[in-house]
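> Got a sequence here, can you build the structure:
(chains A and B)
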Amino acid sequence: GDSVTQMEGPVTLSEEAFLTINCTYTATGYPSLFWYVQYPGEGLQLLLKATKADDKGSNKGFEATYRKETTSFHLEKGSVQVSDSAVYFCALSSLGQNFVFGPGTRLSVLP
Amino acid sequence: GAVVSQHPSWVICKSGTSVKIECRSLDFQATTMFWYRQFPKQSLMLMATSNEGSKATYEQGVEKDKFLINHASLTLSTLTVTSAHPEDSSFYICSAPPTSGGGKETQYFGPGTRLLVL
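Purely as a prediction, here's the structure:
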């Protein structure tokens, strides 16, 4: 079945550091890919998404590019802030509404 | 943005008791809601799809008699863990796509309910 793999956390960075969180997937067909973020005590929020190969999703300084050849959707941000501290989930959806999530990566940004 | 609430956010119960978890869409209607379960350091796993006015659809390996789902209205779905045991301790999350607008991949997630069975 479909699956998503993320880099193990936690990830601890200093403010203004560069962030990469790796995500790879296996899926039949051509899924849509997502990054969700969960801030402490809150629900999951959609951060960005890409629906086809070579699409780049971006939001709040975060970016991820749908790479079909490497089945990857790595999340990047050039300069992280303390407020970016959260858990980040990579996910895919092959059927429009049924999501498969990665295990999540906890990010801590230190001032 | 749209908000989905869950109640309670935390529950501790004795083994053998039943626990009901509510999922509400606060400012939109949802004919479908999804229930996920998350074990520590693991993925969210889809348990079941809750359908307003009809029976829920359960994923393979999920006991429908243990995890009772009722989608009573367009804004409320409940998950009841019957005769809970320690192995049912987990983080339960619901999500809902709006019935109209937002695109078919739009999902709003609740904050989750942490269940601890002693």
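
> secondary structure class for residue B:87?
helix (DSSP: H, G, I helix; E, B strand; the rest coil).

> Which pLDDT value belongs to it?
Per-residue pLDDT puts residue B:87 at 94.

> And for it, the neighbour number?
Residues lying near residue B:87 (other CB atoms under 10 Å in any protein chain shown) number 8. C-beta here means a position set from N, CA and C on the backbone, and glycine is covered the same way.

> Now it: closest residue in space, sequence neighbours ignored.
Spatial nearest neighbour of residue B:87, chain neighbours left out: residue B:117 (7.9 Å); criterion: CB to CB, 6 or more residues apart in numbering or on different chains.

> List the residues that contact residue B:76.
B:22, B:23, B:24, B:25 (CB atoms under 8 Å, 6 or more residues apart in numbering or on different chains).

> Following element in sequence after the least confident helix or strand in chain A by mean pLDDT, please.
For chain A, using mean pLDDT, DSSP states H and E, the weakest element among its helices and strands is strand A:99-101, scoring a mean of 87. Downstream of strand A:99-101, the next assigned helix or strand under DSSP states H and E is strand A:105-110.

> in its sheet, what does that next one sit against?
strand A:11-14 (parallel), strand A:86-93 (antiparallel) (DSSP bridges).

> For that strand, which outside residues touch it?
So strand A:105-110 is in contact with A:6-15, A:17, A:19, A:21, A:80-89, going by CB under 8 Å, 6+ apart.

> cutoff 6 Å now
Here strand A:105-110 makes contact (CB atoms under 6 Å, 6 or more residues apart in numbering or on different chains) with A:6-7, A:9-15, A:21, A:80, A:82, A:84-85, A:87-88.

> close to chain B, is stretch A:42-52?
Yes - Stretch A:42-52 lies within reach of chain B by CB under 6 Å from any CB of the partner chain, at A:42, A:43, A:44.

> show me the contacts for the residue of chain A found nearest chain B.
Residue of chain A nearest chain B, by CB to the nearest CB: residue A:44 (3.7 Å). Shown in contact with residue A:44 (CB under 6 Å, 6+ apart): A:36, A:38, B:109.

> For chain A, which residues are neighbours of chain B?
Close to chain B, as judged by CB under 6 Å from any CB, chain A has residues A:32, A:42, A:43, A:44, A:93, A:96, A:97, A:101, A:102, A:103.

> Now the host helix or strand of residue B:77: buried residues?
According to DSSP H and E, residue B:77 maps onto strand B:76-81. For strand B:76-81, the neighbour count (16 or more other CB atoms under 10 Å in any protein chain shown) marks B:76, B:77, B:78, B:79, B:81 as buried.

> same question, stretch A:39-55
A:43, A:44, A:46, A:47, A:48, A:49, A:50.

> which ones among these are found in helices?
Per DSSP state H, helices hold no members of these.

> Save those residues as a markdown table, and put in pLDDT too.
Putting those into a markdown table (pLDDT from 0 to 100) gives the following:
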| residue | pLDDT |
| --- | --- |
| A:43 | 74 |
| A:44 | 82 |
| A:46 | 89 |
| A:47 | 95 |
| A:48 | 95 |
| A:49 | 93 |
| A:50 | 94 |
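
> biggest separation within those residues, which pair?
A:43 and A:50 (21.8 Å; CB to CB).
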